[in-house]
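1. What shape does this take:
(2 chains)
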Amino acid sequence: MTTLTPPPRRTGSTGGGSTPPKGRAPLTPAVAVRIAALGMVAVVLIGILLTRLWFLQVIGGQAYAQRAEENRVRTIKEPAPRGLVTDRTGRHVFAQNRPGWNVVARPAELQGARRRAVLAKLAPVLEVPLPRMTAAMAKADRDAPLEGVVLAEDVDQDLQIALAERARDFPGVTLERTYVRTYPDDTLAAHVLGYTGPIFAEDYARYREQGYVGNERVGVTGVEAKYESYLRGVKGDRRVEVTATGEPTGRGTISSTPPTPGDTLRLTIDYPTQRALEQQLRFRVTDSPTATGAAGVALDPRTGEVLAMASFPTYSPDAYARNRTRLTARYNRDERRPLFPRAIQGSYPPGSTFKAVTMSSALQLGLLRPDEGIGSPAELELYGTVFPNFRRQYHGTLSPPRAMEVSSDTFFYTLGSRFYEKRIKEGPEFQQQWAQRFGFGRPTGIDLPGESGGRVPSEDWKEEYFASDRDNNFWKPGDDINMTVGQGYLEVTPLQMAVAYAAIANGGTIPTPMIAREVVGPANQVKRRLSAATPSRTIPLSPTTLRTVREGLDLASNGPNGTATAVFSNVRATGGVEVAGKTGTAEPGVRGEEDHSWFVGYAPYRDPRIVVAVVVEHGGTGATAAAPAVCRTMAAYLKYDPELCGVPVAEDSN
Amino acid sequence: MLLLAVGALLGVGLYVIDIATVTDVRGSPDYYVDRQMLFVVLGLIVMVAVASIDTTRLQSVPWVLLGGLLGALAVVFVIGSSAKGSTRWIDLGPFSLQPSELGKVVMIAVLAALAVERAQDSDPLRLTVLLTVVAAVPALVVFVQPDLGTAIVYGAILMAVLLLIGAPWQHFAGFAAVLVVLVAMVLAVLPAAGVSVLKDYQVERLTAFVNSDRDRGDAGYQLDQSKTAIGSGGAWGKGADGATQTNNDFLPEHHTDFIFAVVGEMFGFVGAALLVLLFGVVIWRALRITARAASQFEQVVAGGIAAMFMFQAFVNVGMNVGIMPITGIPLPFVSYGGSHTVTNMAAIGLLFAVNRRRVGL
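-> The predicted structure is shown next:
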């Protein structure tokens, strides 16, 4: 570089060449200085560049290399297949997955004018409204610009091909693998299973904390929601090299963690029993001119495991999994409320099925002696009011079990007056306390979202409920009297009714009913037992009380004058299974409406393995609709011929 | 040696263009390198032709040359074709000609001829003003095309010519003062008054290099990716296959104005430094020819060419490494582009023409 400065000896050697037309000799000392200056400038500039390069490449090389790496490597989340939901044996699958493809765009790679152009071209192809896509992208810009935004879910094969062919028109838009939830049995156990759907806006922040991305699907109701954490699985990571527009270079995967499928959820549901129950509910509603809906629960009284649970009318969870919005909108509009899980949320007056609870309480409180005889006249005047028997029947004097057999109301009205007297004398609300011991008035704690607690009316409740009604805002004798036969302001869910009868069947243990049996891992190993780990509590029912009440329930279903004998007698005589249970014909509280038909029972009588409670809304007497439904549901579980279940001849018993 | 250095630069350019543009034109991976090869061949022919002309004849026709240049620039305004918001090309079928590039060499000859002609019979200030006006007219025309980079090169050439004809040092101080005032006016004062001389993108480019690294505007992105490319090359480079910044298209303009970043990414500090030193060799040989020129005209021409290379190489590499504003000046001999390749090779031819009549040794 030093030779840039011309040696001074050449300064004098001018005139050697041809003489220019004008101008002085080419290289004067002054000019040499200036050429040298130019050379010096060059040296300095080159020095600056080399210094800068040294700092960028040698000293900062690591940091920039990392940035280049971040540029080129994109982490793609691989969806995990959601866990299966099966029946109690694990052999029948209620919910599974099917692979599908979503159309996905990454907001960070699709910006400005290009985004507008691409989305505008995409909208007619996907048949998704442009504003919806634009809004989804704008939202993701704020929340998670590097994550994919699902523009269309589960696109069919024709659309996949169309997109692949026009890939050049849609830079930054890709097809990504997904799993679509399917429910092979369509509507079966819909209210138990629930369904998956997009995350609601108000839950978005909560789900993000748990690692969900923008428009992922999550369990919305049922066990899909309750056991989301087991079912969701763990997404896999695939690190691939991409170009500036986010397209994979095709040079393969840099590293990958495969997704972990969600765990299988094995329910306590017994598939044949569930099917029988649902078929019965459907039949009882569609067969009746007045019935509007029905619900039923079958429990194992020893464990509280739910063997079957259903509500009718019902819906198809597939409609949500497949985004069939027209169908889901129809469900929402339907006045019969197909989405409503009646078995755990429907509150009904229990009618005479409650008499088993009343009798247990009265016996335990000493208000009734097991060997006591009480009259059952056609009507009874108490505290100035006449309380008639059902259809003004007259039974003479009845022992407690016989009162249960014929379902005498006046017998229980007498007990009602005794409850009232005891309350007046001693203060506490005895009937309420006992109803609560049996589990009424609060949720049973089943592992399903949204359970209702029903209502046990009390003095406080009346005071508040009828605050402005001075004639009704206090406890009356009639309130105690009505409650003994499951009327008045008492409201229960079918599940609560089944739990209460389970306690009578098992000797006083109130189980926490469970719908999920166990969590099963990928190697078919049981990772967690759910139904076996739930707490239960015991209520003090003496052997005498249990014997008396059980005998009453047995007589009601098998005795010579039993209200449900027509339904169950052949099951005992021919099928060899003795069913004990009580009918209920509950007045809905609206004059002119048909009564709700109830039946709650358990079997086998000596060794109870199943409790079933069924209510048919506006289905008539307990014996006509609910009792046959219970009989045929039990047949599926206890393996007796359902045709043994009889049909009552006349509607003359409650 | 000059020829060797230029040949090496051209070779590096062809090699890098070949690799960097494989995916740029779908279905035709060699599109750019084939065209550049053609430009180099064309440039060689022009170089040989220019090397054989008698430089004294150039000296006699400055006004003709100036007229020709302005004429060509005027043609651009009338029938010019546009690209990326700028009208600077004349469409010639499959190729397009950028007269403003050729104008650089013409400008050197014109200024040198006028300077030598008037050097003895006018006072230094009048001469400086005359040359400034002569340079400013085409520079302004180019500036409004708009092509800020080339206009600035014209300015650099003017400075070199003034330096070599012995303009007083005070004049340079004056230019420096005017420059400072101009920059302040253009970037700060006039926009505040509602007059914008530069387009927004030009201001953004000019100021991006002083802003933070994470400026995500287009110019900021360009600079960020360029520095990431060069820096990630490290000491020894990532090789042609490992150059993900280039190959995955994170670095825009990787075959034109930002080709230096590609060299930096592929060949690291060693390669980038060697490339810079190759320009050092070119400048050194050009200055050597300047010192030995047979006439003052040839001396000024050769010096102007040396200064032109120096300025273009420094500004281009400087903007690649983030120490100079982004002004759209290609890297001589290396960047893709017909007009500037041919022009720069013509300039080399001119150096050979001067060298032929050298004095001494």
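2. What is the least confident helix or strand in the chain?
-> By default, I'm working from chain A. strand A:248-257 (a mean of 72; mean pLDDT, DSSP states H and E).
3. Switch to chain B, please.
-> Per mean pLDDT, DSSP H and E, bottom of the list for chain B is helix B:200-208, a mean of 69.
4. need the next SSE after the helix or strand encompassing B:Ser100, C-terminal direction.
-> Per DSSP states H and E, B:Ser100 falls inside helix B:99-118. Under the assignment DSSP H and E, the closest C-terminal helix or strand after helix B:99-118 is helix B:124-143.
5. State the number of residues packed around the closest residue to B:Ser226 other than its chain neighbours.
-> In space, and not counting its chain neighbours, B:Ser226 is closest to B:Ala261: 4.3 Å by Cβ to Cβ, 6 or more residues apart in numbering or on different chains. No exception for glycine: its C-beta is placed from N, CA and C like everyone else's. Taking other Cβ atoms under 10 Å in any protein chain shown as the criterion, the count of residues near B:Ala261 is 31.
6. Next: A:Glu463.
-> Count around A:Glu463 with other Cβ under 10 Å applied: 13.
7. and A:Asn102, what element?
-> With DSSP H and E as criterion, A:Asn102 is part of strand A:93-105.
8. Please export the C-alpha coordinates of the following helix or strand past that strand as PDB.
-> Downstream of strand A:93-105, the first helix or strand assigned by DSSP H and E is helix A:112-126. Taking Å, rounded to 0.1, in the frame of the first residue of the first chain, the C-alpha atoms of helix A:112-126 are listed here in PDB:
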ATOM      1  CA  GLY A 112     -49.900  -5.600   5.000                       C
ATOM      2  CA  ALA A 113     -50.900  -5.500   1.300                       C
ATOM      3  CA  ARG A 114     -49.900  -9.100   0.700                       C
ATOM      4  CA  ARG A 115     -52.100 -10.300   3.500                       C
ATOM      5  CA  ARG A 116     -55.100  -8.400   2.100                       C
ATOM      6  CA  ALA A 117     -54.500  -9.800  -1.400                       C
ATOM      7  CA  VAL A 118     -54.000 -13.400  -0.200                       C
ATOM      8  CA  LEU A 119     -57.000 -13.500   2.100                       C
ATOM      9  CA  ALA A 120     -59.200 -11.900  -0.600                       C
ATOM     10  CA  LYS A 121     -58.200 -14.700  -3.000                       C
ATOM     11  CA  LEU A 122     -58.600 -17.300  -0.300                       C
ATOM     12  CA  ALA A 123     -62.100 -16.300   0.900                       C
ATOM     13  CA  PRO A 124     -64.000 -17.700  -2.100                       C
ATOM     14  CA  VAL A 125     -61.900 -20.800  -2.200                       C
ATOM     15  CA  LEU A 126     -62.500 -21.700   1.500                       C
END
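9. Report the next helix or strand after helix A:112-126 in sequence order.
-> Criterion used, DSSP H and E; the element after helix A:112-126 is helix A:130-143.
10. Thought B:Leu3 was touching B:Phe333, still the case?
-> No - applying Cβ atoms under 8 Å, one finds B:Phe333 not in contact with B:Leu3, separated by 11.7 Å.
11. What pairs with the top strand by length along chain B, parallel or antiparallel?
-> Looking across chain B with DSSP state E, the single longest strand is strand B:86-92. Strand B:86-92 has the following sheet partners, assigned by DSSP bridges: strand B:81-83 (antiparallel), strand B:95-97 (antiparallel).
12. residues from the stretch 1-150 of chain B in reach of chain A?
-> Residues of the stretch 1-150 of chain B lying close to chain A by Cβ under 8 Å from any Cβ of the partner chain are B:56, B:59-60, B:116-117, B:119-120.
13. of these, buried ones?
-> B:59, B:116-117, B:119 (16 or more other Cβ atoms under 10 Å in any protein chain shown).
14. Can I get those residues in JSON lines including distance to B:Gly242 and pLDDT?
-> Listed next are those as JSON lines, based on distance: Cβ to Cβ, whole Å; pLDDT from 0 to 100:
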{"residue": "B:Gln59", "distance to B:Gly242": "52", "pLDDT": "85"}
{"residue": "B:Val116", "distance to B:Gly242": "52", "pLDDT": "86"}
{"residue": "B:Glu117", "distance to B:Gly242": "56", "pLDDT": "84"}
{"residue": "B:Ala119", "distance to B:Gly242": "55", "pLDDT": "77"}
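15. quick check, nearest of these to A:Pro124?
-> B:Gln59 (67.9 Å; Cβ to Cβ).
16. about what we covered before: what's in contact with the helix or strand following the least confident helix or strand of chain A?
-> Note on strand A:248-257: by DSSP H and E, the next helix or strand toward the C-terminus is strand A:264-267. For strand A:264-267, the external contacting residues (Cβ atoms under 8 Å, 6 or more residues apart in numbering or on different chains) are A:83-88, A:90, A:94, A:192, A:223, A:227, A:230-231, A:306, A:515-521.
17. Narrow these to those in strands?
-> Going by DSSP E, the strands hold A:85-86, A:94, A:306, A:516-520 from the contacts of strand A:264-267.
18. Compare those and tell me which is most surrounded.
-> Most surrounded of those: other Cβ under 10 Å gives A:Val306, at 31 neighbours.
19. Show me the beta-bridge partners of that residue.
-> The partner residues for A:Val306, given DSSP bridges, come to A:Leu299.
20. Now do it against A:Ala580, distance only.
-> Counting by Cβ to Cβ, to the nearest Å, the separation of A:Val306 from A:Ala580 is 20 Å.
21. and the angle from the helix holding B:Ser100 to strand B:86-92?
-> Orientation check (axes from the mean of the first three to the mean of the last three Cα atoms, to 10 degrees): helix B:99-118 against strand B:86-92 gives 100 degrees.
22. more crowded one of B:Phe333 and B:Leu3?
-> Neighbours were tallied for B:Phe333 and for B:Leu3 using other Cβ under 10 Å; the higher tally belongs to B:Phe333 (28 against 12).
23. Tell me which residue is most central in the chain.
-> If you meant another chain, say so; for now it's chain A. A:Gly222 (1.8 Å; Cα atoms, centre = their mean).
24. actually it's chain B I care about, not the one you picked
-> Computing the C-alpha centroid of chain B and ranking residues by Cα atoms, centre = their mean puts B:Gln312 first, at 4.2 Å.
25. hang on, the earlier thing: need the ones in strands among the contacts of strand A:264-267 in JSON lines with distance to A:Glu551, can you?
-> Shown next, in JSON lines, are the ones in strands among the contacts of strand A:264-267 (distance: Cβ to Cβ, whole Å):
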{"residue": "A:Val85", "distance to A:Glu551": "41"}
{"residue": "A:Thr86", "distance to A:Glu551": "40"}
{"residue": "A:Phe94", "distance to A:Glu551": "39"}
{"residue": "A:Val306", "distance to A:Glu551": "28"}
{"residue": "A:Ala516", "distance to A:Glu551": "36"}
{"residue": "A:Arg517", "distance to A:Glu551": "33"}
{"residue": "A:Glu518", "distance to A:Glu551": "37"}
{"residue": "A:Val519", "distance to A:Glu551": "42"}
{"residue": "A:Val520", "distance to A:Glu551": "42"}
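26. Flag the shaky bits of the stretch 201-350 of chain B, pLDDT-wise.
-> Of all residues in the stretch 201-350 of chain B, those with pLDDT under 70 make up the ranges B:201, B:205-218.
27. Which single residue of it approaches chain A most closely?
-> The nearest approach of the stretch 201-350 of chain B to chain A comes at B:Gly231, 2.6 Å away (Cβ to the nearest Cβ).
28. Can you name the residue of the stretch 301-450 of chain A nearest to chain B?
-> A:Asn323 (35.7 Å).
29. quick one, what contacts that residue?
-> A:153-154.
30. rewinding a little: ok, and for the strand holding A:Asn102, which residues are buried?
-> So strand A:93-105, judged by 16+ other Cβ under 10 Å, has buried residues A:93-97, A:100-105.
31. now check stretch A:109-127, is it near chain B?
-> No - Stretch A:109-127 lies apart from chain B when judged by Cβ under 8 Å from any Cβ; the minimum separation is 10.1 Å.
32. ok, now how distant is A:Pro648 from A:Val579?
-> For A:Pro648, the distance to A:Val579 - Cβ to Cβ - is 15 Å.
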